[in-house]
Every structure is written in C-alpha cells, then in structure tokens.
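Student: 3D model of this:
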Amino acid sequence: MSLRPADIRDLVFAGLATVAGATLAADVPFIGVPLAAAALGWLAYRHGYATAIAASLLVTAALVPVMHGVLPVVFIGPMLLAAGPGTAWALTRWRALTVVGVLTLVLFASALSLDVASAASRGGSLLAQRTTEANAMRRFVVLSGAQSAPKDAATVKMLADQTARGWMALWPSLYLYIWGLSALLAVPLVARAGRAFGRSVSSLPKLTEFDFNPHVVWPVIVGLALVAGASFLHQPDGWIQAVGMNLLLLVRPILFFQGLGDFAALYKKAGIGKVARGFGFAFLTLSEMAIPSVSVLGLLDIFANLRKLSRGGAGVSAGPA
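Tutor: Coordinates of the predicted model:
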C-alpha cells in the first residue's frame with residue numbers, strides 16, 4: 001500500500017506526539033499518557049494495530065540511550081503498548097470503564113516496576129526510597145512551620161510526623177489515583193479516534209447511567225474490618241491499618257461516581273440546567289474532600305439501586321458509540 005504525502009505528514013505528527021507523550025508520562029502523567037494514547041490510538045485505527053505496536057516499540061528503543069535504559073524498558077514500553085494499541089483493541093471488545101480499570105492497573109504496575117528498578121540501580125530498595133521521601137516531607141513541614149509559626153514547634157512536629165506516616169502508609173492508593181485519572185483521560189481520546197474512523201467502540205456511560213458492579217462493596221467490607229481490627233489490637237500505625245485504609249481509599253472514587261450518578265439523575269428529573277448542574281457537581285466534589293457524603297450515598301445506591309437501573313449482572317454498561 002502506497003502512502004500519500006498527507007499520510008506521511010500524519011505519521012510524522014503521530015510519531016512526534018508519541019515521543020512527547022512518552023517523555024512526559026513519568027513526570028506529568030495527566031498530559032503524557034493521554035497524548036501518547038491519542039496518537040497511538042489514531043495509528044491503530046488508521047494504519048492497523050501492527051503499525052501502532054511497531055511505533056510503540058520504536059519509540060521505546062529510541063529513548064533507551066537518552067534515558068539510560070531503565071525508564072523506557074520498565075515504564076514507557078508497557079505504557080505505550082497498553083495506552084495505545086492495547087486500549088484501541090480493548091475498546092472494540094470491552095466496556096469503556098473496564099478498559100479504564102485495566103489500563104490503570106497496567107500503568108500502576110509499570111510505575112511500581114520503575115520505582116523498584118530505580119531503587120535497585122542505586123543499591124537500595126523501594127522501602128528505603130519511600131522512607132527517604134517520608135523523611136524529606138517531614139523536614140519540609142518542620143522548616144515551613146518554623147518559619148510561619150515558630151512558637152508552635154510541638155504542633156508542627158506532630159503534623160510533620162503525621163505527613164510522613166501518611167505517605168508511608170497510603171502511597172499505593174495515591175499512585176492509583178494518579179494513574180486512574182490518567183487512564184480516565186486517555187481512554188475517551190482513543191475512543192474518539194475510533195469513532196472518527198467509523199469503528200464500533202465502547203464509550204463511557206452518561207453520568208446518570210453510572211452503576212458499578214455490586215461486588216465493589218467487598219473492598220469496603222474488608223477495609224472496614226481491617227481498620228477495626230487494627231484499632232482493637234491498638235496498632236494504628238501497623239500494616240493492618242495501612243492495608244485497610246488503602247482498600248477504603250481505592251474504592252472511594254468508585255463510590256463517589258456512583259453517588260454523583262444519583263445526583264445527576266436527580267438534577268435531570270428536576271429539570272436543572274447545565275450551568276446549575278455544573279455548580280452542583282463542583283460543590284459536591286469540594287464537600288466530598290471534607291466529608292464522604294457522596295461516597296456514602298453511592299454505597300447505599302449499590303445496595304438499594306435508588307435509580308432503579310437494570311442490573312443484569314454486568315455492572316456498568318457502555319454501548320457502542
């Protein structure tokens with residue numbers, strides 16, 4: 001098949017976008033991952049999955065000498081393959097939110113592998129790296145507090161210790177938040193590329209139709225049980241408490257979107273306009289940061305199906321766009 005000048009131009013732009021996305025992905029994942037995913041998704045739908053896979057491997061190989069080998073091999077390569085051709089293929093077969101979940105796990109595993117490899121290359125371990133980061137956070141809080149409130153040294157020290165302990169215990173869930181948001185931004189861009197070429201791809205459901213599989217309550221149950229067990233054993237800083245809190249934090253965004261779905265359905269039924277709905281969602285998001293009221297509503301909805309949605313055992317349904 002011969003390439004037209006326009007095809008060559010588009011291939012060059014897609015290649016440059018992939019390189020830019022791959023370069024930014026580790027430091028600015030919210031920009032890098034969607035950018036690379038959009039470019040490779042376009043390649044997959046326009047020129048075939050083999051072309052997108054080849055481009056992913058070529059970019060990875062080209063960045064090895066520039067980034068000293070570790071970053072491309074353990075992070076950039078898997079990220080490009082999963083976010084680009086992998087997501088493009090999956091969207092033709094799976095529900096969009098399932099694709100978001102799988103991509104999140106792949107990105108998380110790649111980032112974790114990068115941290116382990118980076119620590120090993122310096123002769124250390126992941127635990128030692130996290131301890132170093134926690135100590136740096138503690139020093140930063142102490143220095144900042146000493147400048148702003150020099151008379152409250154005890155309070156500042158307590159806050160510094162809490163910050164360090166929080167990072168040591170909760171970094172896995174924070175990592176998943178970062179990569180989950182990156183995947184949530186990337187998947188719709190790949191789906192849009194597929195629709196542009198007339199492919200039947202799944203799309204994210206409307207907010208009023210968000211309805212997750214009831215099995216998501218199990219992490220909540222286990223997490224609460226572990227937190228209660230840690231309290232009973234008087235081990236608030238032990239691994240039991242850390243695992244329980246991470247489970248609760250991991251499922252909280254799912255419950256939050258479930259709860260937002262309830263409010264979206266209520267706004268729609270009440271005939272509230274788009275601007276007012278936007279302010280409402282913004283308020284709910286801000287209030288959730290202080291009190292998990294929307295998440296609690298989402299948990300209740302999973303049990304009671306407040307919107308009376310059809311549940312055929314499939315969880316969220318996102319039909320072809």
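Student: what about the strands in the stretch 1-150 of the chain?
Tutor: Read by DSSP state E, counting those that start in this stretch, the stretch 1-150 of the chain holds no strands at all.
Student: where in it is pLDDT low?
Tutor: Residue ranges of the stretch 1-150 of the chain with pLDDT under 70: 1-7, 68-70, 146-150.
Student: can you show me the helices along it?
Tutor: 5-25, 29-47, 49-63, 70-71, 77-81, 87-90, 96-121, 126-148 (DSSP state H, counting those that start in this stretch).
Student: which pLDDT value goes with the residue nearest to Phe281 when sequence neighbours are not counted?
Tutor: Nearest residue to Phe281, sequence neighbours excluded (C-beta to C-beta, 6 or more residues apart in numbering): Leu260, at 6.7 Å. Quick note: C-beta positions are derived from backbone N, CA and C, even for glycine. Leu260 carries a pLDDT value of 93.
Student: hang on, Leu260 in a helix?
Tutor: Yes: under DSSP: H, G, I helix; E, B strand; the rest coil, Leu260 sits within a helix.
Student: and it, how far from Ala119?
Tutor: 38 Å (C-beta to C-beta, to the nearest Å).
Student: buried residues, the helix or strand containing Gly244. List them.
Tutor: For Gly244, the element it lies in under DSSP states H and E is helix 239-270. Of all the residues in helix 239-270, those buried under the rule 16 or more other C-beta atoms under 10 Å are 240-265, 267.
Student: swap in stretch 90-109?
Tutor: Neighbour counts over stretch 90-109 (16+ other C-beta under 10 Å) mark 90-91, 94-104, 106-108 as buried.
Student: which residues does that stretch contact?
Tutor: Contact partners of stretch 90-109, identified using C-beta atoms under 8 Å, 6 or more residues apart in numbering, comprise 29, 33, 78-79, 82-83, 86-87, 175-176, 179-180, 182-184, 186-188, 190-191, 194, 199-205, 314-318.
Student: just how off-centre is it within its chain?
Tutor: Relative to its chain's centre, stretch 90-109 lies at 10 Å (C-alpha atoms, centre = their mean, to the nearest Å).
Student: now the angle from whichever helix in the chain runs longest to helix 96-121?
Tutor: The longest helix of the chain (DSSP state H) is helix 153-196. Angle, helix 153-196 to helix 96-121, by axes from the mean of the first three to the mean of the last three C-alpha atoms, to 10 degrees: 130 degrees.
Student: domain ranges for this protein?
Tutor: Domain segmentation of the chain under automatic domain parsing yields 1-122+172-204, 206-321.
Student: quick one: low-confidence parts of the stretch 151-300 of the chain?
Tutor: Ranges of the stretch 151-300 of the chain meeting pLDDT under 70: 151.
Student: what element comes up after the helix holding Gly244 heading to the C-terminus?
Tutor: helix 274-290.
Student: ok, the nearest residue to Val201 once chain neighbours are set aside to Gly84 distance?
Tutor: Leaving aside its sequence neighbours, Val201 sits nearest to Gly194 (C-beta to C-beta, 6+ apart; 3.8 Å). Distance of Gly194 to Gly84, given as C-beta to C-beta: 12 Å.
Student: higher neighbour count, these two?
Tutor: Neighbour count, other C-beta atoms under 10 Å: between Gly194 and Gly84, Gly84 has more, with 31 against 23.
Student: can I assume that one is in contact with Leu43?
Tutor: Yes: counting by C-beta atoms under 8 Å, Gly84 touches Leu43, with 7.2 Å between them.
Student: and for the two, which residues touch both?
Tutor: Common neighbours of Gly84 and Leu43, using C-beta under 8 Å, 6+ apart, are 52, 55.
Student: returning to that earlier point: and the helix holding Gly244, what does it pack onto?
Tutor: Judged by 3 or more C-beta pairs under 8 Å, 6 or more residues apart in numbering; DSSP states H and E, helix 239-270 is in contact with helix 153-196, helix 217-232, helix 274-290, helix 293-304.
Student: shared neighbours of Gly194 and Gly84, anything?
Tutor: Common neighbours of Gly194 and Gly84 are listed as Gly41 (criterion: C-beta under 8 Å, 6+ apart).
Student: coming back round to it: adding distance to Ala154, write the helices of the stretch 1-150 of the chain out as TSV.
Tutor: Below are the helices of the stretch 1-150 of the chain laid out as TSV (distance: least, C-beta to C-beta, whole Å):
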stretch	distance to Ala154
helix 5-25	42
helix 29-47	38
helix 49-63	48
helix 70-71	42
helix 77-81	44
helix 87-90	50
helix 96-121	34
helix 126-148	10
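Student: and Ile76, how far from Gln241?
Tutor: Taking C-beta to C-beta, one finds Ile76 at 35 Å from Gln241.
Student: and for Ala120?
Tutor: Separation of Ala120 from Gln241 (C-beta to C-beta): 28 Å.
Student: what's the answer for Gly41, then?
Tutor: Distance of Gly41 to Gln241, computed by C-beta to C-beta: 41 Å.
Student: now Phe197
Tutor: Using C-beta to C-beta, Phe197 is found at 50 Å from Gln241.
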